[in-house]
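> here is a sequence together with a model predicted from it:
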Amino acid sequence: MSDDSPSRPSAGTTIPLPVPTPDNAGFWEACRHHELRLQYCARCGAVRHPPRPTCPQCVSFDFEWRRASGRGIVYTFTIVHGPTLAAFQASAPYNVVVIQLVEGPFFVSNLVGCSADRITVGMPVEVVFEDVSDTVTLPKFRPAVA
Ligand SMILES: [Zn+2]
């Protein structure tokens, strides 16, 4: 692979955005409507995230989307100072959090509306949505309003 690969961001580029696949298109479409939906196995009911073709419990291909609470806790986090991908350098330092949703799955995102020194493991959070383009909305989290 050469250094001028088209998949490698360069300085001044916008952040790379998700490209929906048949497995996760329902997730991204729900985000566009500011809803968090999780993929559930239509055969055994197991929740699975990130979305994937088959159930890790029973290997069924059948699934359905169910609206999630959007609530969870900070399971762990880090503050990124860089170096990082060029597209993210202007945002550094920024946080990357792993949220454990009340439905069970872990979810990698960013915490907004909270300075780095206030982030704590176990803090309750809730989803918010950031429209980043005409077709893509990213789910982020903020400290939960009691
Ligand atoms: Zn299953």
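That came through fine.
> partners of the longest strand belonging to the chain, with directions?
The residue-count maximum for a strand in the chain (DSSP state E) belongs to strand 71-80. Strand pairing for strand 71-80, determined by DSSP bridges: strand 94-101 (antiparallel), strand 124-131 (antiparallel).
> buried deepest among those strands, which one?
With neighbours defined by mean count of other C-beta atoms under 10 Å, none of the strands paired with strand 71-80 is more surrounded on average than strand 94-101, at a mean of 19. From N, CA and C alone the C-beta is placed, and that goes for glycine too.
> span of stretch 46-57 from start to end?
Taking C-alpha to C-alpha, to the nearest Å as the measure, stretch 46-57 stretches 7 Å from start to finish.
> run through who's touching it.
With C-beta atoms under 8 Å, 6 or more residues apart in numbering as the test, stretch 46-57 has contacts from 23-24, 26-27, 38-41, 43-44, 58, 60-61, 63, 101, 103-107.
> is that stretch up against the ion anywhere?
Yes - judged by C-beta under 5 Å from the ion, stretch 46-57 comes into contact with the ion at 46, 55, 57.
> out of those residues, list just those in strands.
Of the positions in these, not one sits in strands, assigned by DSSP E.
> right, I'll call it a day here.
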